[in-house]
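Engineer: 3D model of this:
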Amino acid sequence: MRNVKNIAIVGVGQMGKGIAQVCLMAGYNVILNDVQNTIIENAASYIENGLKKLEKKGQLHGELTAAYILEKLDTTTNLVDAVANADYIIEAIVEKVEIKQKVCKKALDNSPNHCVFASNTSSIRITDIAKTCSKSANVIGMHFFNPAPLMRLIEIIAGEQSSKEAINIGIEVGESLPCLRGDRYVPQVLKDRPGFIVNRVLAPGRIYSEYIYDLAHKQGIPWEQVDADITGPKEPMSRLVLADFVGRDVSFHTAEYYADTLSPDFAPGEFVRKQVAEGNLGAKTGRGFYDWSKGRPKPNLSKKAGIVNPMVYTAIGANEGCRVLEEGVCRSWKVIDEAILAGMNFPGPMKAATKEYRQMAKLLDKYSEKLKKQYLKPIELFKSGNFRRYE
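Structural biologist: Numbers count the residues shown, from 1 in each chain. Presented below is the predicted three-dimensional model:
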């Protein structure tokens with residue numbers, strides 16, 4: 001694997017610990033790094049328990065045992081020590097560009113010259129992360145989806161300065177990582193735009209979601225009923241459980257980032273601001289939309305609130321998919337749909353839009369006025385149906 005043997009995982013919270021587990025399962029030597037011992041200990045415990053469960057189920061590769069795999073695991077709170085012998089670094093820290101820039105610079109300043117720095121950012125441009133780094137050619141994006149052992153998608157993103165070699169190494173590492181639900185899908189993101197492919201296409205749906213959350217909160221509608229409105233029948237994790245799992249603070253910071261880089265219409269809504277202010281950030285704090293004090297919630301989705309029009313989400317996503325195609329982030333609407341299926345376990349919006357784009361465009365005109373969000377207006381590539389040529 002182009003001499004990639006040692007991988008440092010910088011930031012081992014909810015995402016990082018899952019990434020570390022699949023790197024270990026692939027046979028790499030892995031070192032966990034975070035600012036607090038308790039975070040590292042929790043991650044190591046999560047990994048150990050996860051590997052032992054897989055061993056019992058016979059899901060580890062070949063003759064491997066959990067004990068053998070865990071021998072390749074090391075830990076440290078010292079970033080310089082963590083990257084000293086690293087061939088590859090995966091950063092999974094908070095979604096704040098200034099912090100990522102500092103970690104990127106320090107990590108590459110103290111690692112071997114050949115070391116690749118891969119940020120697991122869900123939305124921030126890789127070019128911005130590499131801006132203060134002296135080895136910007138070594139910086140790429142490697143966007144996993146939660147939880148990493150289960151979700152097939154890994155987006156590999158080239159920043160403006162990323163070398164072809166670094167990108168190729170990132171693709172090879174990504175394809176080498178096992179997934180418990182099928183083969184990895186590792187598309188390359190061709191242009192460094194906020195959100196990349198999947199999160200970018202789904203991002204404007206947040207505008208509608210924020211409207212729904214604020215409405216439900218004001219009207220006292222139970223979150224289970226809202227969850228039932230927005231969760232598909234085959235999704236392994238309900239939408240609001242997933243939102244809690246990812247972290248309400250992550251959603252808040254991402255919305256702020258999109259508001260700065262794409263449109264003020266992405267600004268966080270009143271309810272998510274309330275959640276963040278009160279420290280109800282989801283799984284990590286024990287409460288978000290749901291109570292996590294007794295483990296992962298299992299909401300009853302038998303009753304719907306009836307306040308959500310699912311077609312609005314599809315139309316918003318298809319319209320944004322057309323923006324992604326216009327900007328050259330990828331070249332095919334089929335890649336968009338496949339990436340969303342691999343990363344989110346629900347169908348992408350583009351195939352449906354090839355037949356229903358006219359109705360969807362009218363719907364967007366209506367909702368852009370209703371929500372007073374001009375960003376939701378249909379763009380010409382969508383209204384005309386010409387996006388269908390991007391196969």
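
Engineer: residues in contact with I307?
Structural biologist: With contact set as C-beta atoms under 8 Å, 6 or more residues apart in numbering, I307 has these partners: 212, 215-216, 221, 226, 229. Bear in mind the C-beta positions are built from the backbone N, C-alpha and C, glycine included.

Engineer: Might you report the residue contacts of the closest residue to F387 other than its chain neighbours?
Structural biologist: Take F387 and drop its neighbours on the chain: the residue closest to it by C-beta to C-beta, 6 or more residues apart in numbering is C322, 4.6 Å away. For C322, the contact set (C-beta under 8 Å, 6+ apart) comprises 379, 381-382, 387.

Engineer: Got the phi and psi for C322?
Structural biologist: Phi and psi for C322, reported as degrees, to the nearest 10, are phi -70, psi -40.

Engineer: Check I157 too.
Structural biologist: Here is the backbone geometry of I157 (degrees, to the nearest 10): phi -120, psi 130.

Engineer: ok, now which ones touch it?
Structural biologist: 126, 140-143, 188-189, 192, 196.

Engineer: Mind doing that once more with 6 Å?
Structural biologist: 126, 141, 189, 196 (C-beta atoms under 6 Å, 6 or more residues apart in numbering).

Engineer: Distance to I167, neighbour count and secondary structure added to the residues you listed, as a markdown table?
Structural biologist: Listed next are the contacts of I157 as a markdown table, based on distance: C-beta to C-beta, whole Å; neighbours: other C-beta atoms under 10 Å; DSSP: H, G, I helix; E, B strand; the rest coil:
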| residue | distance to I167 | neighbour count | secondary structure |
| --- | --- | --- | --- |
| I126 | 10 | 28 | helix |
| G141 | 10 | 28 | strand |
| V189 | 10 | 25 | strand |
| F196 | 14 | 28 | coil |
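
Engineer: if we take those, which one ends up nearest to E48?
Structural biologist: Using C-beta to C-beta, G141 is the member of these that lies nearest E48, at 28.9 Å.

Engineer: Name the residues linked to the nearest residue to the closest one once chain neighbours are set aside by a beta bridge.
Structural biologist: Distances taken as C-beta to C-beta, 6+ apart place I157 nearest to G141, at 3.0 Å, with adjacent residues excluded. On DSSP bridges, the residues paired with I157 through beta bridges are G141, V189.

Engineer: circling back to that earlier point, reformat the contacts of C322 as a markdown table; add distance to L64, neighbour count and secondary structure.
Structural biologist: Below are these laid out as a markdown table (distance: C-beta to C-beta, whole Å; neighbours: other C-beta under 10 Å; three-state DSSP):
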| residue | distance to L64 | neighbour count | secondary structure |
| --- | --- | --- | --- |
| I379 | 50 | 15 | coil |
| L381 | 49 | 19 | helix |
| F382 | 48 | 25 | helix |
| F387 | 45 | 26 | helix |
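
Engineer: Mind jotting down where the strands sit in the chain?
Structural biologist: 6-10, 29-33, 73-76, 88-91, 116-119, 139-144, 154-158, 188-189 (DSSP state E).

Engineer: how close does I316 sit to E55?
Structural biologist: The span separating I316 from E55 equals 43 Å under the rule C-beta to C-beta, to the nearest Å.

Engineer: who touches K377 in this structure?
Structural biologist: K377 neighbours (C-beta under 6 Å, 6+ apart): S368.

Engineer: can I see the domain layout of the protein?
Structural biologist: Domain segmentation of the chain under automatic domain parsing yields 6-192, 196-391.

Engineer: Work out the gap between the longest one and the centre of the chain.
Structural biologist: When you say that, I think you mean domain 196-391. Taking C-alpha atoms, centre = their mean, to the nearest Å, the mean C-alpha location of domain 196-391 is offset from the chain mean by 13 Å.

Engineer: ok, now the first one?
Structural biologist: Offset of domain 6-192 from its chain centre (C-alpha atoms, centre = their mean): 13 Å.

Engineer: Distance of the nearest residue to I230 once chain neighbours are set aside relative to R296?
Structural biologist: Leaving aside its chain neighbours, I230 sits nearest to R239 (4.7 Å; criterion: C-beta to C-beta, 6+ apart). Here the distance between R239 and R296 works out to 14 Å (C-beta to C-beta).

Engineer: before we move on, the earlier item: redo the contacts of I307 as JSON lines? Include pLDDT, neighbour count and distance to A66.
Structural biologist: Below are those laid out as JSON lines (pLDDT from 0 to 100; neighbours: other C-beta atoms under 10 Å; distance: C-beta to C-beta, whole Å):
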{"residue": "I212", "pLDDT": "98", "neighbour count": "20", "distance to A66": "42"}
{"residue": "L215", "pLDDT": "97", "neighbour count": "16", "distance to A66": "47"}
{"residue": "A216", "pLDDT": "98", "neighbour count": "20", "distance to A66": "43"}
{"residue": "I221", "pLDDT": "98", "neighbour count": "17", "distance to A66": "44"}
{"residue": "V226", "pLDDT": "98", "neighbour count": "25", "distance to A66": "39"}
{"residue": "D229", "pLDDT": "96", "neighbour count": "20", "distance to A66": "40"}
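
Engineer: Between which two of these is the distance greatest?
Structural biologist: Spanning the widest gap among these are L215 and D229, at 11.2 Å by C-beta to C-beta.

Engineer: on that earlier part again, more crowded one of I316 and E55?
Structural biologist: Legend: neighbour count by other C-beta atoms under 10 Å for I316 and E55, higher for I316 (29 against 16).

Engineer: Quick one, grab the pLDDT at the most far-flung residue of the chain relative to its centre.
Structural biologist: Distance from the C-alpha centroid of the chain peaks at E63, with 32.0 Å (C-alpha atoms, centre = their mean). Looking at E63, its pLDDT is 81.
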